[in-house]
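Q: sharing a model that was predicted from the sequence below.
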Amino acid sequence: MEIDDSAVARWLEPLAPGRGDIAEVFAETRRKTIVEWRDGEPGDARVSIEAGVSARQRRGGQERLAFVSGSGEAAIREAVRVLQASARKSVLPSRPAPAPPDHAPPSSVERWVRRLEPMLVRHVPRHRFRWSHEDISRHVVPFGSSASTSTRRLFSLEGSFTAASRRGDETRNFSFHAPEADATADELRQALTAAAAARERTVPFGDGTADVLFSGATAAVLFHEILSHALEADAGETPLSRLASARISVPDLEVRDDPTRLDLFGGYERDDEGTRPRMVRLLDAGRLAASLTDRAHADARGSSGHGRRAGPADAPLPRGSNTVVSAGAATSEELIRRLGNGLWIEEIGSGTVELSSGRFRLAFPRGRRVRRGRFADEIGAGFLAGEILPALSAVEPMIGRDVRACRSLGWCSRAGQVVPVGGEAPDVIVRRLSVRDR
């Protein structure tokens, strides 16, 4: 989008804030293409384009936000006019809006359809998937500092397929989220191959307590729920609120939130306030380290670059991005032996956390029993549950050495705002979690 940033800065001048206050314009254009797949046959591509602008003023803890649909300088001008009127300032004259953008699918969509067809037919021939490709462009003009533009292309494939097992055909869910890159197709092929592998007949398991080995990067989902959300600066009172710098887990555990990791689904070059993000340590050698901030919740160091919006009609809020767990030194075989008796979990379907109490729940579609350090029966779907502090204190000091990206972790909702998130993690053992059959 062609925007005269100096002109926008002049428009914001009547709203110019004092020290610690904010005046800015945020513009977003989101082009989303969806193709429904059924048994190797793609449907017609559906393209939607959403464009909007918000003008924001924050002064003395009070915030005003004006939103208008559209893109370009005409939409920015109108959003500033609405904000000026609500602030009882002199109002810019209006200008006509340009014609709406074209809705034709981009050429990259056709290229992806050609790639996906043989891949799906070979690995999961009976399926119902939704493939989506989002091209997101954002432009931020904050008064008193430099404007910034960022783009992001995100790839998702979600749905279900029919796979073979020792008990006959079964339906399995599949979810894959990655930034569009040269390696995306190869990663997807590997994920489909693993998801379609033959499995043993499942056996029932009783409700109770179990030690759990989080494998296949699923530890990223666990720590996203119990650390990233709890350390978002607007989270309110949580079990971690009064424990600054306290040791709450084993010294071997280091967890950080890293939006600069553009190879993961939640990465970005600038946050939605135009701030260049930085990596934030959530746990440093088992000690509680820092929180995730936007400009409104910044400390003396300023925003950590975690101001994020679900869309241009929303005010930015501090939100996590990529939950990254550092590697240890243990092999998979050593961790299985260390687990002894418990559950091995390689897939997490979803997770929730109640921040005030610290209680969390993770849904898993399948798992394996481990008995005396060896794999045993395969179990079906169930839930893992616990509380933030007891779970962190129950992490085993032996951490896996192989780190993998968690491609099932994609979109996260909190307070009605949905933003892309990602992560990577090695294998991690957590003792004494509650387990319930689904």
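A: Alright, I've got the coordinates.

Q: tell me the pLDDT at G305?
A: Looking at G305, its pLDDT is 97.

Q: and what of P106?
A: So, for P106, pLDDT stands at 60.

Q: can you check P93 too?
A: So P93 comes in at 67 (pLDDT).

Q: what helices or strands is the longest helix seen in the chain leaning on?
A: In the chain, assigned by DSSP state H, the helix with the most residues is helix 107-123. Applying 3 or more Cβ pairs under 8 Å, 6 or more residues apart in numbering; DSSP states H and E, we find helix 107-123 packed against strand 22-38, strand 41-42, strand 127-142, helix 184-195. C-beta here means a position set from N, CA and C on the backbone, and glycine is covered the same way.

Q: nearest to S215, of the ones you listed?
A: Of all the helices and strands packed on helix 107-123, it is helix 184-195 that lies closest to S215, at 11.9 Å by Cβ to Cβ.

Q: next, the angle strand 127-142 makes with the closest one.
A: Helix 184-195 runs at 140 degrees relative to strand 127-142, counting by axes from the mean of the first three to the mean of the last three Cα atoms, to 10 degrees.

Q: quick one: average pLDDT of helix 184-195?
A: 95.

Q: quick one: that helix to helix 107-123, angle?
A: 20 degrees.

Q: just the CA trace of helix 184-195, in PDB.
A: Taking Å, rounded to 0.1, in the frame of the first residue of the first chain, the C-alpha atoms of helix 184-195 are listed here in PDB:
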ATOM      1  CA  THR A 184       7.300 -26.300   3.900                       C
ATOM      2  CA  ALA A 185       6.400 -29.000   1.400                       C
ATOM      3  CA  ASP A 186       9.000 -31.400   2.600                       C
ATOM      4  CA  GLU A 187       8.000 -30.800   6.300                       C
ATOM      5  CA  LEU A 188       4.300 -31.400   5.400                       C
ATOM      6  CA  ARG A 189       5.200 -34.600   3.500                       C
ATOM      7  CA  GLN A 190       7.100 -35.900   6.600                       C
ATOM      8  CA  ALA A 191       4.200 -35.000   8.900                       C
ATOM      9  CA  LEU A 192       1.600 -36.800   6.700                       C
ATOM     10  CA  THR A 193       3.800 -39.900   6.500                       C
ATOM     11  CA  ALA A 194       4.100 -40.000  10.300                       C
ATOM     12  CA  ALA A 195       0.400 -39.300  10.900                       C
END
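
Q: what's in contact with it?
A: The set of residues external to helix 184-195 that reach it, using Cβ atoms under 8 Å, 6 or more residues apart in numbering, is 115, 119-120, 123-124, 155, 157, 161, 163, 172, 174, 176, 178, 405, 407.

Q: from these, which shows the smallest pLDDT?
A: A163 (89).

Q: hey, what's that one bridged with?
A: E170 (DSSP bridges).

Q: now it: how far from H177?
A: Going from A163 to H177 by Cβ to Cβ, to the nearest Å gives 21 Å.

Q: and the helices in the stretch 251-400 of the chain?
A: 332-339, 388-393 (DSSP state H, counting those that start in this stretch).

Q: give the contact list for the closest residue to P312 other than its chain neighbours.
A: Nearest residue to P312 in three dimensions, chain neighbours excluded: G52, at 3.7 Å (Cβ to Cβ, 6 or more residues apart in numbering). For G52, the contacting residues are A27, E28, F67, V68, S69, G70, S71, A75, G311, P312, A313, by Cβ under 8 Å, 6+ apart.

Q: then P42?
A: Going by Cβ under 8 Å, 6+ apart, P42 touches V35, E36, V113, L116, E117, W131.

Q: top of the residues you listed by number of neighbours, please.
A: The most crowded member of these, judged by other Cβ atoms under 10 Å, is W131 (23 neighbours).

Q: for that residue, list each beta-bridge partner.
A: V35, L157.

Q: can you give me the distance of it to L188?
A: For W131, the distance to L188 - Cβ to Cβ - is 10 Å.

Q: for this structure, give me the ranges with low pLDDT.
A: 1-2, 93-107, 166-167 (pLDDT under 70).

Q: how about 50 then?
A: Of all residues in the chain, none has pLDDT under 50.

Q: and it, split by domain according to the record?
A: As recorded under automatic domain parsing, the domains making up the chain are 5-195, 203-437.

Q: return the most buried member of those.
A: domain 203-437 (a mean of 20; mean count of other Cβ atoms under 10 Å).

Q: just the endpoints, please. Distance across it?
A: Domain 203-437 stretches 11 Å from its first residue to its last (Cα to Cα, to the nearest Å).
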